[in-house]
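Peer 1: sequence and predicted model, in that order:
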Amino acid sequence: MSDKHVNLSWFTSSYSSSEGGMCVEVAATADTVHVRDSKNRHGSRLAFSIRQWDAFIGRLTAEEFGA
């Protein structure tokens, strides 16, 4: 089954605020992690494999991205 046909359960990032800043929501299936802008829920979204998402989170944790 394609993720396009799955009813996703979206969660707002704990780093998002209600002050109108950068806000993201994340939803996961067994194979994919989806990310969207919480202020534009019907707009574009990104989809990552679990392996890609784990690598991304690992780099964030290691602070490899500049501020």
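Peer 2: That came in fine, so what should we check first?
Peer 1: for the spatially closest residue to residue 45 that is not a sequence neighbour, name its beta-bridge partners.
Peer 2: In space, and not counting its chain neighbours, residue 45 is closest to residue 36: 3.8 Å by C-beta to C-beta, 6 or more residues apart in numbering. (Glycine included, C-beta is placed from N, CA and C.) Beta-bridge partners for residue 36, by DSSP bridges, are residue 25, residue 45.
Peer 1: centroid-nearest residue for this protein?
Peer 2: Note on the chain: the residue nearest the mean C-alpha position is residue 35, at 2.8 Å, using C-alpha atoms, centre = their mean.
Peer 1: which parts of stretch 49-62 are buried?
Peer 2: Buried positions in stretch 49-62, judged by neighbour count with 16 or more other C-beta atoms under 10 Å: residue 53.
Peer 1: next one: stretch 37-50
Peer 2: Across stretch 37-50, burial judged by 16+ other C-beta under 10 Å covers 45, 47-48.
Peer 1: from the chain's centre, how far out does stretch 31-41 sit?
Peer 2: Taking C-alpha atoms, centre = their mean, to the nearest Å, one finds stretch 31-41 lying 5 Å from the centre of the chain it belongs to.
Peer 1: what pLDDT, on average, does that stretch get?
Peer 2: The average pLDDT for stretch 31-41 rounds to 91.
Peer 1: now do the contacts for the nearest residue to the residue nearest to the centre of the chain once chain neighbours are set aside.
Peer 2: Distances taken as C-beta to C-beta, 6+ apart place residue 46 nearest to residue 35, at 4.6 Å, with adjacent residues excluded. Residue 46 makes contact with 34-36, according to C-beta atoms under 8 Å, 6 or more residues apart in numbering.
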